[in-house]
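[1] got a predicted structure here, sequence first:
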Amino acid sequence: MANPTNKAFFEQYAQMAIEQQQKYGIPASVTLAQCAIESSWGKSACALEDKNMFGIHATRSWVDAGKPYTERNDMGMVKFCVYGDVGESFEHHSRFLLENQRYKDCFNYASDDHRAWAYGICAAGYAYRPANDPDRYARTIETIIRQNGLEQYDQQAITDAQFKGIAIGYAKGLPPSVGRDTTQDYCFPLAGERLVMSDGYGMDPTGYRTHTHNGIDLKASYQDVLATESQGRVVKVGYDNGSGNYAVVEYGRSDGAKWRVSYGHLDRVDVRQGDTVQAGQKIGVSGNTGNSTGPHLHLTVKHQKAGMDTFKTVNPLDYLAEIAVRGQLTATVQKKGTGEELLASRKGRVDTTPTPIEELAMQRLVPQQQQNALAGAQLARQTGSSNPESLLAYLMGQNHDGQYAEGRDDLFIGLISGLFSSVIGMAVMLDQVGNERDGGIGRGQQCEQEVQEKTTSLIERRRESVDPQHARETAMMNFDTVYPEQQQNTGQRLV
């Protein structure tokens, strides 16, 4: 049985590790075990003071770029990276493995093959390898995974990705941006779990200005400024006395509508007009240029409705609420001084018409997968959770009964029916392994009839008789076969 203290530690960082697995394919279990080892279970000086959970050293390029570091007497004075929050540390750990040629072979392993990853990282030299026990680090990782049941997070990452309709490892080809808060194709303009608005849209709340404010100001002292969506087009880069250095990026919608986001008072701009940017890609660095009283990020947003020729300036909070819903971003935007959360009331008004990026992703799915992905996304919005266990419990009537109008669940009956039909189909086929192959079409028809009969029987069961944990595990095995990078591992489990 897992130590309660250890369990609390892993639960605290599990979601971060799951997100990293979805983005880069590194098993969440391995990330969590390494986090425990390298941070001394969160008690090391690096972890407590620098938010450095993996003991990553500050390289020459890190130091030369002006990024924060500290020197510690770790077998001599060693420079360690310093992060603004723990999320940045998890992101940098993944990028460190991805961009270092020593670990390239690890990314050929399945995202739930934690043993291969553990020994691969060890062999590549992540930690000290004593001559008399070179695999000690890998065995330590595996022991922590086994004793604490961390494999569950690997499977949760895979299942959660399938509900969201995203592919494991989707971010491996994106430009590096340590600390971005992004889910696939959306990202807040600044890193961190909490963005602070110091000045709002419209009339200035402090009263020191007599004219309206055409955007919002976010606290940012020479931080990386990030593109908020994928496939954005840089339409203008320049300088003026008011905005200082600025960049304007345009993001499209499937109905022809457009958003234009202007990033102002930048210390420098790192993109050029005509560039195409991806979510989380660095646009520049926040600063104090132009008519500014201190370093910050000024965000102006304009919206062009479908079929219209002109852009209208809108409150940037409405735009941030939209990308938060579309990307299921977890960071919050709070008002300076009061701590008021500014996006919650706006999220319910978001129009979730698919963007071109989302439509392209959906076109890659077969019709049943499209139906499942859409239903899963709507379930996540309704329940406020993307945890597959919670979603299945809701679908089976074991959670939130009576909170939704009668007939509302009918939207998802197809999802459950298709899911269980596929599972039963696989079970029937496996039952036939080793049997005689003669019998031709007649036997095939008999199998099909068995599938239909078993499906009908299962769907007609009373909801209370279904074990959500068993259903989740069985569905997980079936879903793995849909995605090519999981097929080999799934086949090994079935055999």
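    Here it is on my side, so go on.

[2] any buried residues in stretch 73-90, and which?
    For stretch 73-90, the neighbour count (16 or more other C-beta atoms under 10 Å) marks 79-90 as buried. All C-beta spots, glycine's among them, are computed from the backbone N, C-alpha and C.

[3] how long is stretch 201-218 from one end to the other?
    Length of stretch 201-218, first residue to last, C-alpha to C-alpha, to the nearest Å: 11 Å.

[4] hmm, I typed the wrong one, I wanted stretch 311-331.
    The first-to-last residue distance of stretch 311-331 comes to 28 Å (C-alpha to C-alpha).

[5] can you read off the pLDDT for the closest residue to Ile144 other than its chain neighbours?
    In this structure, Ile144 finds its nearest non-sequential neighbour in Ala33, 4.2 Å apart by C-beta to C-beta, 6 or more residues apart in numbering. The model reports Ala33 with a pLDDT of 97.

[6] check Ala123 too.
    So, for Ala123, pLDDT stands at 93.

[7] same question, Arg346
    You'll see Arg346 listed with a pLDDT of 87.

[8] okay, and it sits in which element?
    Using DSSP states H and E, Arg346 falls within helix 344-347.

[9] need the residues that contact that helix.
    317-318, 321, 324-325 (C-beta atoms under 8 Å, 6 or more residues apart in numbering).

[10] quick one: buried residues of that helix?
    For helix 344-347, burial by neighbour count (16+ other C-beta under 10 Å) applies to Arg346.

[11] now do the helices in the stretch 251-400 of the chain.
    Taking DSSP state H, counting those that start in this stretch as the criterion, the stretch 251-400 of the chain contains helices spanning 316-327, 344-347, 356-363, 367-383, 388-395.

[12] pLDDT at the spatially closest residue to Leu98 that is not a sequence neighbour, what is it?
    Nearest residue to Leu98 in three dimensions, chain neighbours excluded: Tyr24, at 5.8 Å (C-beta to C-beta, 6+ apart). With respect to pLDDT, Tyr24 has a value of 93.

[13] burial of Tyr24, as a residue count?
    When neighbours are defined as other C-beta atoms under 10 Å, Tyr24 has 22 of them.

[14] gap between it and Cys81?
    Separation of Tyr24 from Cys81 (C-beta to C-beta, to the nearest Å) stands at 18 Å.

[15] the stretch 101-250 of the chain: helices as residue ranges?
    Using DSSP H, counting those that start in this stretch, helices in the stretch 101-250 of the chain cover 114-123, 136-148, 151-164.

[16] could you dump these into JSON lines and include distance to Asn241?
    Shown next, in JSON lines, are the helices of the stretch 101-250 of the chain (distance: least, C-beta to C-beta, whole Å):
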{"stretch": "helix 114-123", "distance to Asn241": "52"}
{"stretch": "helix 136-148", "distance to Asn241": "56"}
{"stretch": "helix 151-164", "distance to Asn241": "44"}
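
[17] determine which of the ones you listed shows the lowest mean per-residue pLDDT.
    helix 151-164 (a mean of 90).

[18] between helix 114-123 and that helix, find me the angle.
    Counting by axes from the mean of the first three to the mean of the last three C-alpha atoms, to 10 degrees, helix 151-164 points 110 degrees away from the direction of helix 114-123.

[19] list the buried ones in helix 151-164?
    Neighbour-count burial for helix 151-164 [16+ other C-beta under 10 Å]: 153-164.

[20] CSV for these, including distance to Asn73?
    What follows is the buried residues of helix 151-164, written out as CSV (distance: C-beta to C-beta, whole Å):
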residue, distance to Asn73
Tyr153, 34
Asp154, 36
Gln155, 41
Gln156, 39
Ala157, 37
Ile158, 42
Thr159, 44
Asp160, 41
Ala161, 42
Gln162, 47
Phe163, 47
Lys164, 44
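
[21] tell me which of those is nearest to Ser94?
    Ala157 (12.7 Å; C-beta to C-beta).

[22] quick check: that closest one touching His114?
    No: at 11.6 Å, Ala157 does not count as touching His114 under the criterion of C-beta atoms under 8 Å.

[23] now do the shared contacts for those two.
    With C-beta under 8 Å, 6+ apart, Ala157 and His114 have no common neighbours.

[24] which strands or helices does the longest strand along the chain pack on?
    As assigned by DSSP state E, the longest strand anywhere in the chain is strand 258-269. For strand 258-269, the packing partners by 3 or more C-beta pairs under 8 Å, 6 or more residues apart in numbering; DSSP states H and E come out as strand 244-252, strand 282-286, strand 296-304, helix 316-327.

[25] adding mean pLDDT, distance to Thr59 and mean neighbour count, write these out as CSV.
    Below are the helices and strands packed on strand 258-269 laid out as CSV (pLDDT from 0 to 100; distance: least, C-beta to C-beta, whole Å; neighbours: other C-beta atoms under 10 Å):
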stretch, mean pLDDT, distance to Thr59, mean neighbour count
strand 244-252, 93, 28, 21
strand 282-286, 90, 18, 21
strand 296-304, 93, 27, 22
helix 316-327, 89, 30, 22
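
[26] need the ones you listed in a markdown table with distance to Gly66, can you?
    Shown next, in a markdown table, are the helices and strands packed on strand 258-269 (distance: least, C-beta to C-beta, whole Å):
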| stretch | distance to Gly66 |
| --- | --- |
| strand 244-252 | 17 |
| strand 282-286 | 9 |
| strand 296-304 | 18 |
| helix 316-327 | 28 |
